[in-house]
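Engineer: Fold the following, please.
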Amino acid sequence: MNKKTIVEYDIMEVCLLAGKIMLQSGAETYRVEDTMMRIAASYGIKQSHSYVTPTGIIFSIETDEPTKTKLIRISERTTDLKKVTMVNSISRRISVGELTVDEAYQQLKEIESSNLTFPFSIQVAAAAIASGCFLIMFEGEWHDFIAAIISGGLGFLSLIYFHQLVPIKFFAEFLASFVIGMLSFVFVYMGVGNELDKIIIGSVMPLVPGLLITNAVRDLMAGHLVSGLSKGAEAFLTAFAIGSGIAIVFTFL
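Structural biologist: Residues are numbered from 1 along each chain as shown. The predicted structure is shown next:
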C-alpha cells in the first residue's frame, strides 16, 4: 500500500467519522451526505459517493486506483444539535484549508467522545416546565399548571430510567406515557387538577419525536425516500407507543 493510498483511506476515515457523529446526533440524511462529500472534495478527492440511512453509512471514493468503499453501522441515535453544529464548523474550516487530515480527525474524535448534553437535573426540570407551558398553550387552566409540571417531569424521568433499564426505545416511551397517565388521573382524582385531557397532553409533549418527524419530512422532500420512510416509521411507532400507554390508563380507569 503506497503513501497516496494511505492518505486516501485517512480522508475516508475523516469523512465517515464526521458523518457518523452527525447521524448519531440527529442530523438530516442529506446534510450528512453533503458534509461528507464536501470534506472529501476539500482534500482533493474529485469524485466521492455517499449513501446514508438511519442505521448505516456507505462511502466510496474514485481515484486512479480501484474504487475504495467503506461501511459503518449506526446503532445509537439521539438528539444533540450542538455536535452537528461543531462538525459543520470543522467542515467549513477544512474547506478553507485550515485543518490537515490528522488535525481534523483528532478534533472529530474529541467531539465524538465529548458529552455536550445538559446535566440530568436540568433536562428533567426543562421537561417539567415545558409540560406546564404546553398545558397553557393548549388552553388549559392555571389551576392544572402544577399537576402538568409534576406529571411531565416525572414522565421524562421515567423515560430516561426505563431506557437505561431496558434499552428498547418504544418500551421506555410506552411506560413513560403510562406513568404520565396514572399521575394525571391521580391529580384529578385528588382535586389538584381539573382537566385530565389537558394535563396529559401537556405532559406527554416532551416525549413527542418532533425532530424525528421534521427530519423525515425534510428527507422525503430532498428525495431520500429510504431514510425518510424509515424515520417516519420510527416516529410513528414512537407516537403509537406514547398513545398506547395513555390508552391503557383510560381502559382500566
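Engineer: Which helix in this structure has the most residues?
Structural biologist: In the chain, assigned by DSSP state H, the helix with the most residues is helix 225-252.
Engineer: Let me see the contact set for Ile72.
Structural biologist: 16, 20, 56-57 (Cβ atoms under 8 Å, 6 or more residues apart in numbering). The C-beta positions use only the backbone N, C-alpha and C, and glycine is treated the same way.
Engineer: quick one: which of the residues you listed is nearest Arg73?
Structural biologist: For the contacts of Ile72, the closest approach to Arg73 (Cβ to Cβ) belongs to Gly56, at 5.3 Å.
Engineer: Please tell me how far that closest one sits from Thr35.
Structural biologist: If you measure Gly56 against Thr35 using Cβ to Cβ, to the nearest Å, the figure is 16 Å.
Engineer: same deal with His49?
Structural biologist: If you measure His49 against Thr35 using Cβ to Cβ, the figure is 14 Å.
Engineer: same question, Gly223
Structural biologist: Distance of Gly223 to Thr35, given as Cβ to Cβ: 17 Å.
Engineer: Give me the more crowded residue out of those two.
Structural biologist: Using other Cβ atoms under 10 Å, the more surrounded residue of Gly223 and Thr35 is Thr35, with 24 against 10.
Engineer: so that one makes contact with Ala18?
Structural biologist: Yes - with contact taken as Cβ atoms under 8 Å, Thr35 and Ala18 are classed as touching, separated by 5.9 Å.
Engineer: Can you work out which residues contact both of these two?
Structural biologist: With contacts defined as Cβ under 8 Å, 6+ apart, the residues shared by Thr35 and Ala18 are 87, 91.
Engineer: and Asp219, how many neighbours does it have?
Structural biologist: Asp219 - counted by other Cβ under 10 Å - has 24 other residues nearby.
Engineer: hmm, who's touching the helix or strand containing it?
Structural biologist: Remark: Asp219 resides in helix 210-221, with elements defined by DSSP states H and E. Contacts to helix 210-221, defined as Cβ under 8 Å, 6+ apart, come from residues 26-30, 79, 227-229, 231-232, 234-235, 238.
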